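K.L.:
Sequence and predicted structure below; questions after.
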Amino acid sequence: MAYTNSSMVAYKKLSPNHSGQRTHGIDRITPHCVVGQCTAEGLGDWFFQSSTKASSNYGIDKDGRVGLYVEEKNRSWCSSSNANDQRAVTIECASDTSEPYAFRDVVYQKLIALCADICRRNGKKKLLWFGDKDRTLNYSPKADEMVLTVHRWFANKSCPGNWLYGRMGDLAEKVTAALGGSTAVKGTQASALKNLSETDAIKKIGALFTADQKKSGILASVSLAQFILESGYGKSELAQNANNIFGMKCSLSGNTWSGSVWDGKSKYTKKTQEQNADGSYETITADFRKYPCIEDSIADHSAYLLGAKNGSRFRYEGLKGCTDYKKAVQIIKDGGYATSLTYVEKLCSIIEKWNLTQYDAKDSGGEVIRWYRVRKSWADAKSQKGAYKILDNAKKCADQNPGYKVFDADGKVVYEPKAAEPAVNVPFLVKVSICDLNIRKGPGTDYDRVQFIPIGVYTIMEVRAGKGSKAGWGRLKSGIGWISLDFVRRI
């Protein structure tokens, strides 16, 4: 077939990192997160280096500009899967540098437009999202269908991040609408839930949490309890300013939820009585999304709870990696998710009544995963930087944060970074004169890349030895990360 490239391209720099012409026609789109608020030029420079050993067909930068790096006729090196990249148009999107790797709105809107353009030029009228790896990879798209896939299905990565993963259903719906096709998704959990008993519904929803892609950092028992409480399978309790409804019965099974008003497109509105701290009630008008399937609802809800912020602080800080369901529920309540005075008691009673902890993530031996926590002290839970299943990852986090230690689940210190004698007097200034110097999360090339550092003058606050640098690694005053001192000039 004849392949074309998008007319939306604002910048072009073709990468040598590709496998030549595809061996399969285009019937998939795979969006990725860059893990950095990059420019189209910076991403192009990165992909142009043969040492990068990676590329994508397109990129969308922080301002919504589209870059072309591998023509659509060729297979990019993007998804850790030859089979996927042979048939997928891959798109790297500028994002935040930490989970849930959120996109700016201008980036997301351009992604919708670019996906619609890709579908249109390739003769597709529908973009489908099934939310399930096995079902997607075993599906044979019809001639007018395009299917969404994600990088995390082919490698041990978070990509495209929980922010976008929670919006894949929305992306498919908006693109299909732009193409004039039908957004109906058949065979989902939505139809399966219709007319089920409460017990059977709980079992069906609980099974969704056993899949790897649903282990998003929130205890399954807590998410499932919220589903039961806030859907038609339990007494409805709507949180003030909640951005979605986690399993609302009228949107999932087609039954009418008394008092809700459908706008005919994508949203329900309902007025409800919310309880204030003094015991009084007020009427709140809440808007809730309609999901084509429960999987989308779960993913979006998890992404919201993990990513919501008050200023620079996470609204539900400490929720990710929490293994105590009572504590997790209290964190959600304290973060303002619900105003009911009995919210914690209700959720905990549901968890205990239905033994929902059976759905919490377990390792291959059937034991509940033990997390390593990085804190200043065990008693100072608010200082926690993260919780990790792998000790080495927890050690890296502690290395990056002076004064922090690694604790096991019982509060015992299992790792404390040794205080290194400063090799040089700090702080000092350095000048960066190259455009492709990486900022790393820690002092070494074995730490993840954050982004390129712009040319300019910077203050170094600390120097450490590390892999990949003879002169050592310098910690930037901004706190964004570390740079190799091999490639800078001290002022």
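P.N.:
Structure's in. What do you need?
K.L.:
Quick one: distance of the helix or strand containing residue 42 to the chain centre.
P.N.:
Residue 42 is part of helix 40-48 when elements are defined by DSSP states H and E. Relative to its chain's centre, helix 40-48 lies at 23 Å (C-alpha atoms, centre = their mean, to the nearest Å).
K.L.:
Mind giving me the packing neighbours of that helix?
P.N.:
Packing partners of helix 40-48 (3 or more C-beta pairs under 8 Å, 6 or more residues apart in numbering; DSSP states H and E): strand 9-12, strand 58-60, strand 66-68, strand 449-452. Every C-beta, even on glycine, is put in place using the N, C-alpha and C of the backbone.
K.L.:
One more pass at 7 Å, please.
P.N.:
Applying 3 or more C-beta pairs under 7 Å, 6 or more residues apart in numbering; DSSP states H and E, we find helix 40-48 packed against strand 9-12, strand 66-68.
K.L.:
Find me the pLDDT at residue 16, would you?
P.N.:
At residue 16, the predicted lDDT confidence score is 96.
K.L.:
Ok, residue 180 next?
P.N.:
With respect to pLDDT, residue 180 has a value of 86.
K.L.:
Ignoring the adjacent residues along the chain, who's closest to it?
P.N.:
residue 125 (6.8 Å; C-beta to C-beta, 6 or more residues apart in numbering).
K.L.:
What values do phi and psi take at the one you found?
P.N.:
phi -110, psi -10 (degrees, to the nearest 10).
K.L.:
what about the longest strand in the chain?
P.N.:
strand 456-466 (DSSP state E).
K.L.:
Identify the neighbouring strands of that strand in the sheet and state each direction.
P.N.:
strand 428-432 (antiparallel), strand 469-476 (antiparallel) (DSSP bridges).
K.L.:
Highest mean neighbour count out of those?
P.N.:
The highest mean neighbour count among the strands paired with strand 456-466, using mean count of other C-beta atoms under 10 Å, belongs to strand 469-476: a mean of 19.
K.L.:
As PDB, could you dump the C-alpha coordinates of that strand?
P.N.:
Written as PDB, here are the backbone C-alpha positions of strand 469-476 (Å, rounded to 0.1, in the frame of the first residue of the first chain):
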ATOM      1  CA  SER A 469      31.500   9.800  34.600                       C
ATOM      2  CA  LYS A 470      35.200  10.300  35.400                       C
ATOM      3  CA  ALA A 471      34.800  13.800  36.900                       C
ATOM      4  CA  GLY A 472      31.800  12.800  39.000                       C
ATOM      5  CA  TRP A 473      28.100  13.800  39.000                       C
ATOM      6  CA  GLY A 474      26.800  17.200  40.100                       C
ATOM      7  CA  ARG A 475      23.400  17.700  41.800                       C
ATOM      8  CA  LEU A 476      21.600  20.700  40.300                       C
END
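K.L.:
In the longest strand of the chain, which residues are buried?
P.N.:
Using 16 or more other C-beta atoms under 10 Å as the test for burial, strand 456-466 gives 458, 460, 462, 463, 464, 466.
K.L.:
mind checking how far the first one is from residue 353?
P.N.:
It stands for residue 458. Residue 458 is 56 Å from residue 353, where distance means C-beta to C-beta, to the nearest Å.
K.L.:
Equivalent analysis for the last one, please.
P.N.:
Counting by C-beta to C-beta, the separation of residue 466 from residue 353 is 51 Å.
K.L.:
Next: the third one.
P.N.:
Residue 462 sits 52 Å away from residue 353, going by C-beta to C-beta.
K.L.:
Then the fifth one?
P.N.:
When distances are taken as C-beta to C-beta, residue 464 and residue 353 turn out to be 51 Å apart.
K.L.:
ditto for residue 45
P.N.:
In terms of C-beta to C-beta, residue 45 sits 57 Å off from residue 353.
K.L.:
Look at those two and report which has more neighbours.
P.N.:
Higher neighbour count among residue 45 and residue 353: residue 45, with 17 against 10, using other C-beta atoms under 10 Å.
K.L.:
list the contacts for the more buried one?
P.N.:
435, 436 (C-beta atoms under 7 Å, 6 or more residues apart in numbering).
K.L.:
Low-confidence bits of the stretch 201-350 of the chain, can you list those?
P.N.:
201-202, 204-205, 207-217, 230-300, 303-304, 339 (pLDDT under 70).
K.L.:
I figured residue 464 hits residue 472, correct?
P.N.:
Yes. Using C-beta atoms under 7 Å as the test, residue 464 is close enough to residue 472 to be in contact (6.2 Å).
K.L.:
Hmm, residue 224 is touching residue 355, no?
P.N.:
No. Residue 224 is not in contact with residue 355 according to C-beta under 7 Å; the separation is 10.7 Å.
K.L.:
Those two - which one has more neighbours?
P.N.:
residue 224 (26 against 11).
K.L.:
Looks to me like the more buried one is in a strand.
P.N.:
No. With DSSP: H, G, I helix; E, B strand; the rest coil as the criterion, residue 224 is helix rather than part of a strand.
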